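[1] Based on what follows, work out the 3D shape:
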Amino acid sequence: MESRKAILILSMLLTVGLLSYRLYTSLSNPPQPLSTHFVENLALAGEFSGPLPLDIDKALTALALRLEDNPAKRAVMEGKPAEDFSQLPSAYRLWSSYLQAPSPAAKTALQKEAYERLLRLLTAFVGGSLLAVVLLAAPWLFPVKEDMEREWPAPSPTVGLVVLAAWLTLDFLFLWMVQHSPLLQWSRFDLVLLVQAVSYLIAGGLLFRFWSWKNWKPWRTLDGKKLLWGYLATVVLLPLVERLTGLFTGVEPAVQLSLLPYFQGLTVWQGAGLSVIAVIFGPVFEELLFRGFLLGSLRSKWGDGKALLLSSLIFAAVHGNFWGFPVPFVFGLITGKLALRTGSLTTGIALHCLWNLSTLGMILVSM
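    From the prediction side, this is the model:
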């Protein structure tokens, strides 16, 4: 019993550590426009939106100064005109010009800009908070029938977390080996193909070792009606979450177009191969691992609601993008809820494939 607890604790620490590292890496290296616009929103709202209750304006200014590491921008925030502001964004150029030669017209323009930035922050905060409350309460607002037959087994949380930790560790070690070997000389397509193939083989081996497949009959469990509702929810919620994130930061995270660089410069056959991975193998693998094995193991101990939230958080963290974290989290909630409502993984797999196919269409249009 003690050894099982030790294994569970070690697996949890390893999982949290690896996921935190992935998120920290993306947080430490954000897209430049993202960090620029977010701090710019804070600085302008704090300085020119007028006195706000509870000294919120001062708090926004202090936070902007803490986050900004560009000397020229910091100088402007501190009330010192920049010596050379030709490379600064337009808002900072206007701000610096106002510091050099104050005028009512410039102040009015800055106040108007500040109100717009403040409105973005408030809209994103309020809208995001309301959406988060609804999504987090969904498992309890729409409970699952307890007598519904499940097609997947219910291994213990220890087994589920051990398998997840093992997959993350092996995947991390393999990626490290690739990054520190002559393999980096390969083409981007070859590297993506190699990494995906090894990752799926590792996860597939772990799943086949610890999971019995005898109860899974995918041809009998596809629910077309719930698939339609799930797709409609995805089409509405994911762009909404992206938009709220964009309002808060100043830049759309564009999570659905994150694969665009991998398709650029590929031949037709290479693009077709990568499309098969993105539309078929990826969704099947992720649903089996996260909504099947992981969700099934967690719900055996903590019930549907907590298991759905935790598995969705892990799913979002595994995607390794701090700035786009809300989008895969919401998608994990949708597909996880489908799995619980239907007692099957098939409808969630179909939705995942359909959504990735829609994303692929967006990528092709954007190329």
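[2] By mean pLDDT, flag the weakest helix or strand of this structure.
    Per-element confidence for the chain was summarised using mean pLDDT, DSSP states H and E. The lowest value among helices and strands belongs to helix 2-28, with a mean of 56.
[3] Could you tell me how many residues sit around the closest residue to G230 other than its chain neighbours?
    Counting by Cβ to Cβ, 6 or more residues apart in numbering, L351 is the residue found nearest to G230 once chain neighbours are left out, at 4.6 Å. Placement of C-beta: from N, CA and C, glycine included. Burial of L351, expressed as a neighbour count using other Cβ atoms under 10 Å, amounts to 24.
[4] so L351 touches L227, yeah?
    Yes. Using Cβ atoms under 8 Å as the test, L351 is close enough to L227 to be in contact (5.8 Å).
[5] Could you name every residue contacting both of the two?
    Taking Cβ atoms under 8 Å, 6 or more residues apart in numbering as the contact rule, L351 and L227 both touch L338.
[6] need the helices for the stretch 1-150 of the chain, in chain order.
    When secondary structure is read from DSSP state H, counting those that start in this stretch, the stretch 1-150 of the chain shows helices at 2-28, 32-48, 56-67, 71-77, 90-100, 104-141.
[7] Show me what the fourth one is packed against.
    The reference is to helix 71-77. Using 3 or more Cβ pairs under 8 Å, 6 or more residues apart in numbering; DSSP states H and E as the contact definition, the elements that helix 71-77 packs against are helix 32-48, helix 56-67, helix 90-100.
[8] Apply 7 Å and report the result again.
    Secondary-structure packing of helix 71-77 (3 or more Cβ pairs under 7 Å, 6 or more residues apart in numbering; DSSP states H and E): helix 56-67, helix 90-100.
[9] Output these in JSON lines; the columns should cover mean neighbour count, mean pLDDT and distance to T245.
    Shown next, in JSON lines, are these (neighbours: other Cβ atoms under 10 Å; pLDDT from 0 to 100; distance: least, Cβ to Cβ, whole Å):
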{"stretch": "helix 56-67", "mean neighbour count": "16", "mean pLDDT": "77", "distance to T245": "17"}
{"stretch": "helix 90-100", "mean neighbour count": "18", "mean pLDDT": "79", "distance to T245": "20"}
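[10] Dump those into a markdown table; add distance to L294 as well.
    Written out in a markdown table, the entries for the helices and strands packed on helix 71-77 read as follows (distance: least, Cβ to Cβ, whole Å):
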| stretch | distance to L294 |
| --- | --- |
| helix 56-67 | 34 |
| helix 90-100 | 44 |
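[11] what's the domain layout of this protein?
    Split into domains by automatic domain parsing, the chain comes to 2-29+142-366, 32-119.
[12] Who are the contact partners of the residue nearest to G230?
    Residues counted as contacts of L351 (Cβ atoms under 7 Å, 6 or more residues apart in numbering) are L227, G230, Y231, T234, T335, L338.
[13] mind listing what's buried in the helix or strand encompassing it?
    Secondary structure from DSSP states H and E places L351 in helix 346-366. Neighbour-count burial for helix 346-366, counted by 16 or more other Cβ atoms under 10 Å, picks out 346-356, 359-360, 363.
[14] Tell me the one of those residues nearest V318?
    Set against V318, the nearest of the buried residues of helix 346-366 by Cβ to Cβ is H352 (14.2 Å).
[15] out of the helices and strands packed on helix 71-77, nearest to S49?
    helix 56-67 (6.2 Å).
[16] Residues touching that closest one, excluding its own?
    The list of residues contacting helix 56-67 from outside it, by Cβ under 7 Å, 6+ apart, reads V39, L42, A43, A45, G46, E47, S49, P51, R74, M77.
[17] per-residue confidence for the fourth one?
    Read that as A45. pLDDT for A45: 78.
[18] again, but for M1
    For M1, the model assigns a pLDDT of 54.
[19] List the buried residues for stretch 306-319?
    Residues of stretch 306-319 classed as buried by neighbour count (16+ other Cβ under 10 Å): 307-319.
[20] Which of the domains of the chain comes out lowest on mean pLDDT?
    domain 2-29+142-366 (a mean of 71).
[21] on that earlier part again, just send the buried residues of stretch 306-319 back as TSV, with secondary structure and distance to A278 too.
    Supplementary listing: the buried residues of stretch 306-319 in TSV, determined by DSSP: H, G, I helix; E, B strand; the rest coil; distance: Cβ to Cβ, whole Å:
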residue	secondary structure	distance to A278
A307	helix	27
L308	helix	25
L309	helix	26
L310	helix	26
S311	helix	22
S312	helix	21
L313	helix	23
I314	helix	21
F315	helix	16
A316	helix	18
A317	helix	20
V318	helix	16
H319	coil	13
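[22] Closest one to R93 out of the residues you listed, please.
    Nearest to R93 among the buried residues of stretch 306-319, with distances taken as Cβ to Cβ, is H319, at 36.5 Å.
[23] so what's the closest one closest to, chain neighbours aside?
    Sequence neighbours aside, P328 is the residue nearest to H319 in space, at 4.7 Å (criterion: Cβ to Cβ, 6+ apart).
[24] can you check C353 too?
    Taking Cβ to Cβ, 6+ apart, and ignoring the residues beside it in sequence, C353 has P283 as its nearest neighbour in space, at 4.6 Å.
[25] tell me the contacts of the residue nearest to F325 when sequence neighbours are not counted?
    By the measure of Cβ to Cβ, 6+ apart, the closest residue to F325 outside its immediate chain neighbours is A316, 5.2 Å from it. Counting by Cβ under 7 Å, 6+ apart, A316 makes contact with F325, P328, F329, G332.
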